[in-house]
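**Student:** Sequence and predicted structure below; questions after.
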Amino acid sequence: MHIVVPVKLVPDLVEELVMDESGAALDASAVRLVLSEFDDHAIEQAILLKERSGGQVTVVAPAVEGADEVLYTAAAKGADRLVRLTNDFERGMNNHGLARALAEVLKTLQPDLVLTGVQAHDDLDGSLGPLLAEYCGMPYVGYVAGLALAEGKAVARKEYPGGLAAEMEITLPAVLGIQAAERPPRYVAVSKVRQAMKTATIAETRVAGLEPGGGPAITRLFLPEAGRQAVMIEGSVEEIAARLVAIFKELGLL
């Protein structure tokens, strides 16, 4: 069983986001990229399947800042093969272009199963998983929160609103969008990652041009508008209490 996990690095929302001079993109020099949260779950699910049923796990990442650390961390967790996709990713990409590039790579890797994060917080043109499945001619099931393998098939647990869940049997090869691994992504110590840097090898694969066709044309980005600021109430306990009662009455709560 060969499981391939394509991952994305996305802007860290904890950091301040800065737009470039055009106003239509983030300033690449000022943005810190981190592994997409759901992609981390996809890596964990792939390694859990390997530990339970055997096989090989390949993690694929575009060559952007921070990609090597993500790949070596995946190796420290248990991934067998690391692939860095090279192209001018620093100029930006959308999921349509990335999916087309990945589809060509998957023809070489010949996976039995492809696991992606179900979505990323910078997906403006659709999630990567369904696009990749379409370009590869594979079935797709998203929002998977549990997965088991049988001979030539996968049984996916898919969750629905209202506490409903369903089990779906999918003929392999297939692409699955992971919402949550069967357990939280494992923590690996920095020392183990450094050890992986010495023993693991990252293979490079050059991909074709990242043609953005199919995605939206972004003409302007806007930072979120600041909301109303908090009002600090000062005074004695009695004065603060009286002010709070007045505010509650103004809001119709008393």
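**Tutor:** Looks like it arrived, so ask away. In this text, all values refer to a predicted model and were calculated from it rather than measured experimentally.
**Student:** In this structure residue 24 contacts residue 218, no?
**Tutor:** Yes. Using CB atoms under 8 Å, residue 24 is in contact with residue 218, at 5.1 Å. Where you see a C-beta, it was placed from the backbone N, CA and C, and this is true even at glycine.
**Student:** quick one: the biggest strand by length in the chain to chain centroid distance?
**Tutor:** Longest strand of the chain, by residue count under DSSP state E: strand 140-150. Centroid separation for strand 140-150 versus its chain: 16 Å, with CA atoms, centre = their mean, to the nearest Å.
**Student:** what inclination does the next helix or strand along the chain from it have with respect to strand 140-150?
**Tutor:** Per DSSP states H and E, the first helix or strand lying C-terminal to strand 140-150 is strand 153-160. Counting by axes from the mean of the first three to the mean of the last three CA atoms, to 10 degrees, strand 153-160 lies at 130 degrees to strand 140-150.
**Student:** can you pull the buried residues of strand 153-160?
**Tutor:** Buried residues in strand 153-160, counted by 16 or more other CB atoms under 10 Å: 154, 156-158.
**Student:** How about residues contacting that strand?
**Tutor:** Strand 153-160 is contacted from outside by 113, 141-149, 165-172, 174, 176, 179, using CB atoms under 8 Å, 6 or more residues apart in numbering.
**Student:** do the same with stretch 161-169
**Tutor:** Here stretch 161-169 makes contact (CB under 8 Å, 6+ apart) with 141, 145, 150, 153-160.
**Student:** What mean pLDDT does it get?
**Tutor:** Mean per-residue pLDDT for stretch 161-169: 90.
**Student:** Pull the distance from it to the chain's centre.
**Tutor:** 22 Å.
**Student:** Report all helices and strands that the helix or strand containing residue 203 contacts.
**Tutor:** Following DSSP H and E, one finds residue 203 within strand 202-206. With contacts taken as 3 or more CB pairs under 8 Å, 6 or more residues apart in numbering; DSSP states H and E, strand 202-206 sits against helix 67-77, strand 81-86.
**Student:** ok, and which of the ones you listed has the densest surroundings?
**Tutor:** Among these, helix 67-77 has the highest mean neighbour count (mean count of other CB atoms under 10 Å), at a mean of 22.
**Student:** Tell me the helices and strands packed up against that one.
**Tutor:** Under the contact criterion of 3+ CB pairs under 8 Å, 6+ apart, helix 67-77 touches helix 37-53, strand 56-62, strand 81-86, helix 190-199, strand 202-206.
**Student:** Counting neighbours, which bits of the second one end up buried?
**Tutor:** For strand 56-62, the buried set under the neighbour-count rule, 16+ other CB under 10 Å, comprises 57-62.
**Student:** that older thread, could you dump the helices and strands packed on strand 202-206 into CSV and include distance to residue 186 and mean pLDDT?
**Tutor:** Below are the helices and strands packed on strand 202-206 laid out as CSV (distance: least, CB to CB, whole Å; pLDDT from 0 to 100):
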stretch, distance to residue 186, mean pLDDT
helix 67-77, 6, 97
strand 81-86, 17, 96
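**Student:** of the ones you listed, which approaches residue 222 most closely?
**Tutor:** Ranking the helices and strands packed on strand 202-206 by distance to residue 222, with CB to CB as the measure, places helix 67-77 first at 28.5 Å.
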